[in-house]
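Chemist: need a structure here:
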Amino acid sequence: MTTTARVRVLDLFSCSGGAAMGYHLAGFQVDGCDIANRPRYPFAYHQGDALEYLAHLITTGDIERYTLAHASPPCQAGCALTVGTNASQGWGGTHTDLVAATRELLDTTGLPYVIEQPNGRARIRKDLTLCGEMFRLGVLRHRNFELGSWATAQPAHPRHRGYVRGHRHGVRRDGPYVAAYGNGGGKATVPEMQHAMGITWTDVREELTEAIPPAYTRFIGHAFLTARQEVFA
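Modeler: Model (predicted):
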């Protein structure tokens with residue numbers, strides 16, 4: 001496809017590159033930005049505050065080299081897996097919700113964009129919801145995506161094949177999916193997480209537990225390119 005040689009995605013709050021790899025597989029050139037040092041990130045990388053970097057790209061005009069922006073701002077304040085635990089333990093006061101600030105800057109760019117968040121209280125439009133079972137992965141890892149200035153159809157959500165393996169509410173279950181977060185209670189090992197999500201370039205547990213499977217953004221990347229071709233046809 002000739003158009004893919006000219007498309008470039010800006011991957012903000014990039015972590016270790018789960019989203020980035022999916023866009024790469026869809027044909028995009030990828031530039032990442034994260035506040036942490038991510039030596040395993042597999043593409044061009046800028047270490048720094050993602051919103052400050054985005055503002056800099058807007059001010060200098062360098063944002064014009066991108067075709068699409070993807071952002072996965074920190075989600076601990078609204079993630080369904082942490083909200084209940086944080087409340088019961090008195091935690092969570094230091095988590096900052098960066099979604100609104102991210103959206104405001106992305107709107108300023110004029111670019112089509114994607115904002116990704118887990119299931120929970122994050123204030124985004126759920127224009128697209130993806131699940132590992134849609135791609136026959138070994139994790140469920142539901143994620144919601146707000147699509148700015150473009151759209152695509154929601155794929156069917158197939159019935160889950162069983163339980164997530166491990167202990168939950170005092171009950172031990174086996175199943176076809178692993179729990180790719182935390183430690184203990186039957187949670188996945190690092191090799192199990194790598195295999196279940198299709199991530200091979202990092203073996204850092206913290207990076208794997210935060211990553212989204214590349215299959216998600218490969219789907220999104222292909223959907224965006226299809227929508228873009230339809231607009232310019």
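
Chemist: residues contacting Ile199?
Modeler: Counting by CB atoms under 8 Å, 6 or more residues apart in numbering, Ile199 touches 16, 18, 21, 193, 208, 211, 213-214. The way it works is simple: take the backbone N, C-alpha and C, and place the C-beta from them, glycine included.

Chemist: quick one, what contacts the residue nearest to Ala180 when sequence neighbours are not counted?
Modeler: The spatial neighbour of Ala180 that comes closest, neighbours along the chain excluded (CB to CB, 6 or more residues apart in numbering), is Met193 at 4.5 Å. Going by CB under 8 Å, 6+ apart, Met193 touches 139, 178, 180, 199, 205, 208-209.

Chemist: just put those in TSV and tack on secondary structure.
Modeler: Compiled in TSV, the contacts of Met193 are given as follows (DSSP: H, G, I helix; E, B strand; the rest coil):
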residue	secondary structure
Val139	coil
Val178	coil
Ala180	coil
Ile199	coil
Arg205	helix
Leu208	helix
Thr209	helix
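
Chemist: surely the residue nearest to Ala180 is in a strand?
Modeler: No. Inclusion of Met193 in a strand is not indicated when three-state DSSP is applied; the result is helix.

Chemist: all helices for this structure, in order.
Modeler: Assignment of helices within the chain using DSSP state H yields the ranges 18-25, 50-60, 80-89, 99-109, 190-197, 205-210, 214-232.

Chemist: need these in TSV with distance to Ala151 and mean pLDDT, can you?
Modeler: Shown next, in TSV, are the helices of the chain (distance: least, CB to CB, whole Å; pLDDT from 0 to 100):
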stretch	distance to Ala151	mean pLDDT
helix 18-25	18	98
helix 50-60	23	98
helix 80-89	25	39
helix 99-109	16	97
helix 190-197	26	98
helix 205-210	27	96
helix 214-232	7	94
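
Chemist: just name the most buried of those.
Modeler: For the helices of the chain, ranked by mean neighbour count under the definition mean count of other CB atoms under 10 Å, the leader is helix 18-25 at a mean of 25.

Chemist: show me what that one is packed against.
Modeler: Based on contacts counted as 3 or more CB pairs under 8 Å, 6 or more residues apart in numbering; DSSP states H and E, the elements that helix 18-25 packs against are strand 8-12, strand 29-34, strand 68-71, helix 214-232.
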